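Participant: Turn this into a model:
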Amino acid sequence: MGAIFEAIHNKLTAAFEPSRLEIEDESARHAGHAGSRPGGESHFNVLIESAAFAGKPKVARQRLVYQALSEELKGPIHALSVKALAPGEG
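Facilitator: This next block holds a predicted model:
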């Protein structure tokens, strides 16, 4: 895994102490499209499960994730898909 993947993993782990964290680099599927970079690490899917999301609506959960990754979203990440769950949701 690359540096951006590691940054996503480390920042989300520190911010939310997730019970489940899945990060998928989908950059290869977007080769030749806007935001694509040689070497990838521009398009990601994230599934995160954390008690920090309990009682919060979907949009608020996504905003928390985007806030945690604000630096990456300013540059190296072109697209980020987020599914944020509370424990027991699926």
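Participant: just for this protein, where's the confidence low?
Facilitator: 28-40 (pLDDT under 70).
Participant: Okay, helices next: where are they in it?
Facilitator: Secondary structure of the chain (DSSP state H): helices located at 3-16, 58-68, 70-73.
Participant: So which of the ones you listed is nearest residue 48?
Facilitator: Among these, the nearest to residue 48 by CB to CB is helix 3-16 (5.9 Å). (Glycine included, C-beta is placed from N, CA and C.)
Participant: Check this protein and tell me which residue is nearest its centre.
Facilitator: Closest residue to the average C-alpha location of the chain: residue 46 at 4.1 Å, with CA atoms, centre = their mean.
Participant: I'd say that residue and residue 64 touch.
Facilitator: No - the criterion here is CB atoms under 8 Å, and residue 46 misses it with residue 64 at 11.9 Å.
Participant: rewinding a little: OK, contacts around the residue nearest to the centre of the chain?
Facilitator: Neighbour list for residue 46: 8, 12, 21, 22, 23, 24, 65, 80, 81, 82, 83 [criterion: CB atoms under 8 Å, 6 or more residues apart in numbering].
Participant: Just confirm the third one contacts residue 12, I think it does.
Facilitator: This means residue 21. Yes - judged on CB under 8 Å, residue 21 makes contact with residue 12 at a distance of 6.1 Å.
Participant: Please identify which of the two sits among more neighbours.
Facilitator: The neighbour count for residue 21 versus residue 12, taken as other CB atoms under 10 Å, is higher for residue 12 (22 against 16).
Participant: Now do the same contact list for the more buried one.
Facilitator: 18, 21, 46, 48, 65, 68, 69.
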